[in-house]
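> Coordinates only, no sequence provided:
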């Protein structure tokens with residue numbers, strides 16, 4: 001009996017809130033059941049559909065693991081902060097998940113443009129040996145990766161919901177969202193507790209800081 005894993009993340013490009021990385025493992029003979037219940041890339045599903053599928057996914061899964069990566073931890077790893085970069089951080093966490101789940105094969109949504117470099121970083125941190133399938137948009141191609149993407153997305157949405165309840169509606173938390181950008185401008189020079197959940201090393205923050213300076217020029 002082969003164990004097949006999928007790994008994916010939610011919130012990698014967000015400027016507010018955590019990145020959530022999920023891994024899940026299934027018996028090979030249960031993969032077809034994921035197709036039957038219409039598991040697919042979480043971005044193609046509405047929130048209520050993701051939640052319904054989550055319950056079914058967890059019933060089918062042999063095991064699963066979730067890692068929440070805080071804004072502070074992400075900031076500490078960015079190259080702007082002197083770290084090795086967020087991709088290196090992901091490689092370590094992916095390895096942690098695989099070491100825990102111990103699959104025979106893992107289908108991973110590749111976060112790097114350089115497949116072999118990421119494979120090398122990932123392998124360096126692995127204590128468990130398995131076949132690694134690293135592909136861009138793996139969540140669109142493989143049901144196990146899509147299942148992981150749903151787990152990650154549902155939990156990320158829940159974390160964002162809690163933050164909105166506490167600090168007000170800041171939109172999606174992504175840089176392109178006007179509400180997110182306005183919220184960041186509002187808390188930029190405050191002592192708001194919301195600051196703990198912002199990735200201050202993101203280029204978006206530098207751009208907003210510059211725009212605030214320009215707003216106050218006379």
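Yes, it's here. Small disclaimer: the values here were computed from a predicted structure and weren't measured.

> Low-confidence regions, the protein specifically.
Applying pLDDT under 70 to the chain flags the ranges 204, 206-218.

> sec struct for residue 201, please.
The three-state assignment at residue 201 reads coil, by DSSP: H, G, I helix; E, B strand; the rest coil.

> Check residue 108 too.
Assigned by three-state DSSP, the conformation of residue 108 is strand.

> since we're on it, how many residues are nearby?
By other Cβ atoms under 10 Å, the residues close to residue 108 number 28. The way it works is simple: take the backbone N, C-alpha and C, and place the C-beta from them, glycine included.

> Please apply the same query to residue 118.
21.

> list the buried ones in the strand or helix carrying residue 152?
In this structure, residue 152 is located in helix 143-167 according to DSSP states H and E. If you call a residue buried by 16 or more other Cβ atoms under 10 Å, then helix 143-167 has these buried ones: 143-157, 159-160, 163-164, 167.

> and what of stretch 118-128?
Neighbour-count burial for stretch 118-128 flags 118, 119, 121, 122, 126 (criterion: 16+ other Cβ under 10 Å).

> isn't the fourth one right up against residue 91?
Yes - with contact defined as Cβ atoms under 8 Å, residue 122 reaches residue 91; the gap is 4.6 Å.

> According to the record, where do the domains of this protein fall?
Per the record, the chain has its domains at 3-165, 167-215, by automatic domain parsing.

> Relative to residue 26, how far out is residue 52?
Separation of residue 52 from residue 26 (Cβ to Cβ, to the nearest Å): 18 Å.

> Of the two, give the one with the bigger neighbour count.
Higher neighbour count among residue 52 and residue 26: residue 26, with 24 against 15, using other Cβ under 10 Å.

> quick one, strands of this structure?
Remark: strands assigned in the chain by DSSP state E are 3-10, 19-27, 63-69, 105-109, 131-135.

> Kindly reformat the ones you listed as CSV containing distance to residue 175.
Formatted as CSV, the strands of the chain follow (distance: least, Cβ to Cβ, whole Å):
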stretch, distance to residue 175
strand 3-10, 16
strand 19-27, 14
strand 63-69, 18
strand 105-109, 21
strand 131-135, 26
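
> Of all the residues in stretch 130-143, which ones are buried?
Buried residues in stretch 130-143, defined by neighbour count with 16+ other Cβ under 10 Å: 130, 132, 133, 134, 138, 139, 142, 143.

> Next, give me the two most distant ones among the residues you listed.
Spatially, the most separated pair among the buried residues of stretch 130-143 is 130 and 139, at 18.8 Å (Cβ to Cβ).
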